[in-house]
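K.L.:
coordinates only, sequence not included:
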């Protein structure tokens, strides 16, 4: 039984680090899809990863940190996103607006600010090539 539990935890962690996560909130979900990944040729040891995050109405991410080396640029493609990074103010971003997150930042709020319309953002990570876990939930 202990081996099955350990195997399940390892598989879940592996899946989580590769594809992102899905978070339930009011019965709705957030989905993360990797759109691009490549080593940066003129910066040895660094990579660029782009992910698309779609929030159903009312959906939210769990509080989390990103890869310790990651500098992140986030751009709202559609809808309205509410976000808080570190101890900064809670901000609302609309389609066409953006923000950045420094390495080792704590992302305590990331959610769709609308209960009726979906929202989507593009997150671009510049990080150490060997830093594979993009998201780590905060316990």
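P.N.:
Happy to help now that I have it. The structure presented is a predicted model; accordingly, all values stated were derived computationally and were not measured.

K.L.:
could you use CA atoms for every contact and neighbour count after this?
P.N.:
Fine.

K.L.:
ok, residue 65 to residue 83 distance?
P.N.:
13 Å (Cα to Cα, to the nearest Å).

K.L.:
and what of residue 98?
P.N.:
Distance of residue 98 to residue 83, computed by Cα to Cα: 11 Å.

K.L.:
between these two, who's got more neighbours?
P.N.:
residue 83 (20 against 16; other Cα atoms under 10 Å).

K.L.:
what strand or helix carries that one?
P.N.:
strand 80-85 (DSSP states H and E).

K.L.:
mind listing what's buried in whichever helix or strand comes after that strand?
P.N.:
Sequence-wise, the next helix or strand downstream of strand 80-85 (DSSP H and E) is strand 91-94. Buried positions in strand 91-94, judged by neighbour count with 16 or more other Cα atoms under 10 Å: 93, 94.

K.L.:
give the rounded mean pLDDT of strand 91-94.
P.N.:
Looking at strand 91-94 alone, the average pLDDT works out to 98.

K.L.:
show me what the residue lying closest to residue 124 once chain neighbours are set aside is bridged to.
P.N.:
Spatial nearest neighbour of residue 124, excluding adjacent residues (Cα to Cα, 6 or more residues apart in numbering): residue 50 at 4.4 Å. Beta-bridge partners of residue 50, counted by DSSP bridges, are residue 36, residue 124.
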